[in-house]
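J.: The sequence isn't on hand, but the structure is:
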């Protein structure tokens, strides 16, 4: 056995569960929604293959599918939500417009008879007075259940509703796609009215960044909103929704859903992983990103699939190239961020994309002398943190050429062409996998010598030659003048 083997002695907290497509398929399907019953059985809705049941040990038990005779979803087994109301009824959204009740004892689906036109169902929630609220693509619908399966509907808001919440004080919050946030007092429905909120920059800066999509209430009773870019909170004193200014989310990552655990830590799903955010922390630790390279089992995560169960576990649907399913982890098992600053070294130097043989290893070089025709060169570098080296980021600059740092992401190469003769300092800095920068980094002084015809001694020769030429011309001119004078005297 030759070479070097790196062993990570830290247990990875993420558990992955693959979901086979049924019946009798070797393919997998991603999870779309979750539910945990009072028997600790776990239920998972899929995008195309119905409902999956797991026991208390997370062993798969059975797959259930809706037939066309059981639901107005026309047999569509794409589940979007599993919701238990205050009476213990289990509601399920299946297909674009399908709504049904699920009997957990008989494992039967009962279709609901409702007419919402061509609007798609987004979410269901039921208040203490048994009013059913449906968030749809056409607005917010208030419904009442008559008999076993008939819903009488009344449209309350005529804008696409992304998310709904009933808070601990009896207010219903409806987050619309393009028209702000609505708050309805469920304790005073006789004089039905609602308040409409726009966050403070909404009118001036209407962009996707300021378009709230999700809402939740934390364990302190505080209301939070999330757009794909920014975090907001409801300020009760000013009765307004304001951005959380110190929430510095990386600009290249859109939020797909979020939740808050018992410790007040926010967890976010983005396309390629998870992030957690501690709003009470004033240090760099408040925002931590995790991806496939940090031990997450999937490389892509599903919108709107966060679930927080009664035992404190978090669930999220995901998929990789072939495998699809969901992951489970306990927030308390996530170790803190990696704060160790990695040494940064230069690992290779090439001229015109070809290796160069130096007097010593480039890692130990502090000064480099190059000839005039070696001004096309590249440098490779590395941050010596091996927990997740694929996530290490870099920035570099060549003083005298670059006006500021060039942030290079995870790329480890800097290329320069047609650099003029002179002395330059190349600097590079890097991060560990959790973006803690080694600001000192490392440096290398590079001197590019001019060609022979541009050296000081060449210019000295040029000067002497010019002086000699001027002297010769002056000598010739004086000789010519003397000859002319002699001729005139004769």
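T.: Everything's here; your move. As the structure is a computational prediction, the values presented were derived from the model and not from experiment.
J.: So which bits of the lengthiest strand in the chain are buried?
T.: Across the chain, the longest stretch assigned as strand under DSSP state E is strand 437-448. Within strand 437-448, the residues scored as buried using 16 or more other Cβ atoms under 10 Å are 437-438, 441-444, 446, 448. For every residue, glycine as well, the C-beta is placed using N, CA and C.
J.: try stretch 215-222
T.: Buried residues in stretch 215-222 (16+ other Cβ under 10 Å): 215-218, 222.
J.: gap between the two ends of it?
T.: 11 Å (Cα to Cα, to the nearest Å).
J.: next one: stretch 179-194
T.: 13 Å.
J.: With stretch 384-391 instead?
T.: Start-to-end, stretch 384-391 (Cα to Cα) is 12 Å.
J.: same check, this time on stretch 165-183
T.: Taking Cα to Cα, the first and last residues of stretch 165-183 lie 10 Å apart.
J.: With stretch 90-110 instead?
T.: Counting by Cα to Cα, the terminal residues of stretch 90-110 are separated by 10 Å.
J.: what does stretch 323-341 give?
T.: With Cα to Cα, one end of stretch 323-341 sits 35 Å from the other.
J.: got the residue ranges for the helices in the protein?
T.: Ranges of helices within the chain are 456-489, based on DSSP state H.
J.: Point out where it drops to low pLDDT.
T.: 1-11, 22-26, 68-75, 96-97, 199-210, 248-252, 282-286, 490 (pLDDT under 70).
J.: and with 50 instead?
T.: 1, 74, 201-209 (pLDDT under 50).
J.: any idea how far residue 160 is from residue 239?
T.: To residue 239, residue 160 is 25 Å away according to Cβ to Cβ, to the nearest Å.
J.: just residue 331 next, same as before
T.: 32 Å.
J.: When these two are compared, which one has more neighbours?
T.: residue 331 (17 against 10; other Cβ atoms under 10 Å).
J.: which non-adjacent residue is nearest that one?
T.: Nearest residue to residue 331 in three dimensions, chain neighbours excluded: residue 261, at 4.6 Å (Cβ to Cβ, 6 or more residues apart in numbering).
J.: next one: residue 16
T.: Nearest to residue 16 is residue 297, by Cβ to Cβ, 6+ apart, at 3.5 Å.
J.: Residue 299 now?
T.: residue 292 (4.5 Å).
J.: Next, find the distance separating residue 430 from residue 98.
T.: Counting by Cβ to Cβ, the gap from residue 430 to residue 98 is 51 Å.
J.: So which of the two has more stuff around it?
T.: Between residue 430 and residue 98, residue 430 has the larger neighbour count (other Cβ under 10 Å), namely 28 against 25.
J.: check contacts around the more buried one.
T.: Contact partners of residue 430, counting by Cβ atoms under 8 Å, 6 or more residues apart in numbering, are 342, 344, 381-383, 392-395, 437-438, 441.
J.: residues contacting the closest residue to it other than its chain neighbours?
T.: Leaving aside its sequence neighbours, residue 430 sits nearest to residue 383 (Cβ to Cβ, 6+ apart; 3.2 Å). Going by Cβ under 8 Å, 6+ apart, residue 383 touches 342-344, 389, 392, 394, 430-432, 438.
J.: now do residue 31
T.: 19, 44-46, 52, 302, 305, 315-318, 325-326.
J.: try 7 Å this time
T.: Applying Cβ atoms under 7 Å, 6 or more residues apart in numbering to residue 31 gives the contacts 19, 44, 46, 305, 317, 325-326.
J.: next one: stretch 405-422 to chain centre, how far?
T.: The chain centroid and the centroid of stretch 405-422 are separated by 27 Å, computed with Cα atoms, centre = their mean, to the nearest Å.
J.: Please name the bridge partners of the closest residue to residue 146 other than its chain neighbours.
T.: Once flanking residues are discounted, residue 146 sits nearest to residue 152: 6.0 Å by Cβ to Cβ, 6+ apart. According to DSSP bridges, the partner residues bridging residue 152 are residue 144.
J.: where's residue 152 relative to residue 87, distance?
T.: Residue 152 is 18 Å from residue 87, by Cβ to Cβ.
J.: do the same with residue 43
T.: 18 Å.
J.: Same question for residue 483.
T.: Distance from residue 483 to residue 87, by Cβ to Cβ: 127 Å.
J.: Residue 402 too?
T.: 66 Å.
J.: Who has more neighbours out of the two?
T.: residue 402 (15 against 8).
J.: List the contacts of stretch 42-50.
T.: With Cβ under 7 Å, 6+ apart, stretch 42-50 has contacts from 19, 21-22, 29-37, 51-54, 58, 63-66, 77-79, 82, 326.
J.: for that stretch, which positions count as buried?
T.: 42-47, 49-50.
J.: try stretch 141-154
T.: 141-143, 145, 151, 153.
J.: can I get those in TSV with distance to residue 168?
T.: Formatted as TSV, the buried residues of stretch 141-154 follow (distance: Cβ to Cβ, whole Å):
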residue	distance to residue 168
141	23
142	21
143	23
145	24
151	26
153	27
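J.: any idea which of these is the one closest to residue 335?
T.: residue 141 (44.8 Å; Cβ to Cβ).
J.: measure the residue nearest to the closest one when sequence neighbours are not counted to residue 351 for me?
T.: Computed as Cβ to Cβ, 6+ apart, the closest residue to residue 141 that is not its neighbour in sequence is residue 134, at 4.2 Å. Distance of residue 134 to residue 351, computed by Cβ to Cβ: 67 Å.
J.: Which one's more surrounded, those two?
T.: A count of neighbours by other Cβ under 10 Å puts residue 134 above the other of residue 134 and residue 351, at 26 against 15.
J.: Could you tell me how many residues sit around the nearest residue to residue 431 once chain neighbours are set aside?
T.: Closest residue to residue 431 apart from its sequence neighbours, by Cβ to Cβ, 6+ apart: residue 393 at 4.5 Å. Here the number of neighbours of residue 393 (other Cβ under 10 Å) works out to 18.
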